[in-house]
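>>> give me a 3D structure for the following:
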Amino acid sequence: MERRTRRLSFATAKSRSAKIKTLDSVIGSVLKHYKLDARLKQVVALDIWNEVVGEQIASVAKAQRIEHGNLIVHVEKSVWRNELQFLKKEIIKKLNDKLKEEIVKDIVFR
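Residues are numbered from 1 along each chain as shown. This next block holds a predicted model:
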């Protein structure tokens with residue numbers, strides 16, 4: 001009789017473990033359900049700005065926010081703003097490659 005009880009317990013434990021999800025998958029599901037996953041990626045894009053553009057550009061150009069796929073960047077001097085226009089496509093590609101998703105569609109330098 002004891003063996004039978006153990007087998008039932010093992011079978012019950014096995015079916016429970018099949019229902020257990022990883023914390024990562026639960027958080028991902030919650031973020032998607034509340035449509036926060038895209039916003040989180042936008043925040044990450046702002047965080048990695050300095051790393052992607054490098055120290056010199058980061059010292060004169062500050063990523064501020066993302067609106068409808070447009071990254072808004074405050075640039076201190078017009079000379080830098082003009083220079084960054086030439087680097088825009090490359091910066092967008094580097095940001096999106098790092099994010100592994102197309103979050104930044106354009107950059108607006110102000």
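
>>> you'd agree Asp37 is up against Leu31?
Yes. When contacts are counted by C-beta atoms under 8 Å, Asp37 is listed as touching Leu31 (4.2 Å). C-beta here means a position set from N, CA and C on the backbone, and glycine is covered the same way.

>>> same for the longest helix that the chain contains, what does it pack against?
Secondary structure of the chain read by DSSP state H shows that its longest helix is helix 78-99. Helices and strands touching helix 78-99, by 3 or more C-beta pairs under 8 Å, 6 or more residues apart in numbering; DSSP states H and E, are helix 37-53, helix 55-58, strand 70-75, strand 106-109.

>>> measure how far the first one is from the centre of its chain, please.
Computed by C-alpha atoms, centre = their mean, to the nearest Å, the separation of helix 37-53 from the middle of its chain amounts to 6 Å.

>>> what helices or strands is that helix leaning on?
Using 3+ C-beta pairs under 8 Å, 6+ apart: helix 37-53 touches helix 23-33, strand 61-67, helix 78-99.

>>> now the last one
Contacting strand 106-109 under the criterion 3+ C-beta pairs under 8 Å, 6+ apart are the following elements: strand 70-75, helix 78-99.

>>> make TSV out of the ones you listed and add mean neighbour count and distance to Ser25.
Converted to TSV, the helices and strands packed on strand 106-109 look like this (neighbours: other C-beta atoms under 10 Å; distance: least, C-beta to C-beta, whole Å):
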stretch	mean neighbour count	distance to Ser25
strand 70-75	18	29
helix 78-99	14	20
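
>>> of all those, which one comes closest to Val60?
helix 78-99 (4.9 Å; C-beta to C-beta).

>>> who touches the closest one?
The contact list for helix 78-99 (C-beta atoms under 8 Å, 6 or more residues apart in numbering) reads 41, 44-45, 48-49, 51-53, 57, 60-61, 71, 73, 75, 102-107, 109-110.
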